[in-house]
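Colleague: Fold the following, please.
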Amino acid sequence: MDSMLRLEDLESGYGPMQVLWKPSLEVKKGSITALLGPNGAGKSTLLSTVLGSVEPWAGKIIYEDEEITHMPSHKKVDLGITLVPEGKHLFGGMTVHENLIMGAYRKEALKNIDQSLDIVYSLFPILKERDKQQAGTLSGGQQQMVTIARALMSKPRLIMLDEPSQGLAPKLVGEVFETVEKLQAEVGLTLLLVEQNAEASLNAANYVYIMHEGQIKSEGTSEKIKGSSEIREAYLGI
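Modeller: Numbers count the residues shown, from 1 in each chain. Predicted coordinates for the structure are as follows:
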């Protein structure tokens, strides 16, 4: 599999406070790669640094063999990189349909808006049923689906998901992870997933990195990480 995203010795932080201490990782095309670790490990900062909302201090970000370390965020989005931030960032007073249309702001996406809606509605039949309902009245799990579906409307090539299961009941966590697996299987998307829910992530991911205090402490296939009680106990609490 080809590399879609490669980070080499990435450093960044906020003001004088360094958060990332040279993590390196690779996301292969068409894979689900999970970045796991305790709260405050720097996982969300890593995603923000990739997108450029946090400025990289040192190291390299390589996307599809092009170095994009200091490229402005909007240009990275134009290349097909999308971040779904944690929490629900929906327009609650707008319908599901209107929220989805808001996602298609890239030139390329606007041209394919009907096709994108068809794909999204076939992936999420429940959203098609509720397309005229106000997004704020949906269940937590359905709101999370709208958030992910809206990101799909921008025709991304790489979706970075920050804590998609946060604050959801266990049953809904399952639904969100089914969604993640569908994106890979049916749309061929590449996903970089940041999660605290290690159990569900290990089941969905092809490859896993464990982050602690801004560094990568371990990596391997999800089978390898699942099979190592040392890693699980030390960093994942499972």
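
Colleague: Burial check on residue 213, number of neighbours?
Modeller: 13 (other Cβ atoms under 10 Å). For the C-beta atoms, the positions are set from N, CA and C on the backbone; glycine is no exception.

Colleague: and the gap between it and residue 36?
Modeller: As defined by Cβ to Cβ, to the nearest Å, residue 213 lies at a distance of 14 Å from residue 36.

Colleague: Kindly report the same for residue 227.
Modeller: Taken as Cβ to Cβ, the span from residue 227 to residue 36 is 15 Å.

Colleague: what's the answer for residue 86, then?
Modeller: From residue 86 to residue 36 the distance is 15 Å (Cβ to Cβ).

Colleague: Residue 47 now?
Modeller: 13 Å.

Colleague: which one of the two has more residues nearby?
Modeller: Set residue 47 next to residue 36 and count neighbours by other Cβ under 10 Å: residue 36 wins out with 28 against 23.

Colleague: okay but that one is in contact with residue 234, surely?
Modeller: No - using Cβ atoms under 8 Å as the test, residue 36 is too far from residue 234 to be in contact (11.8 Å).

Colleague: Might you calculate how far stretch 169-178 sits from the centre of the chain?
Modeller: Taking Cα atoms, centre = their mean, to the nearest Å, one finds stretch 169-178 lying 15 Å from the centre of the chain it belongs to.

Colleague: Contacts for the top helix by length along the chain, please.
Modeller: In the chain, taking DSSP state H as the definition, the longest helix is helix 170-187. Here helix 170-187 makes contact (Cβ atoms under 8 Å, 6 or more residues apart in numbering) with 30-32, 119, 123-124, 139-141, 144-145, 148, 152, 159, 161, 164-165, 168, 189-191, 193, 197, 200-201, 203-204.

Colleague: Would you list the buried entries among those residues?
Modeller: 31-32, 119, 123-124, 141, 144-145, 148, 152, 159, 161, 164-165, 168, 189-191, 193, 197, 200-201, 204 (16 or more other Cβ atoms under 10 Å).

Colleague: Identify those among those residues that sit within strands.
Modeller: 32, 159, 161, 190, 191, 193 (DSSP state E).
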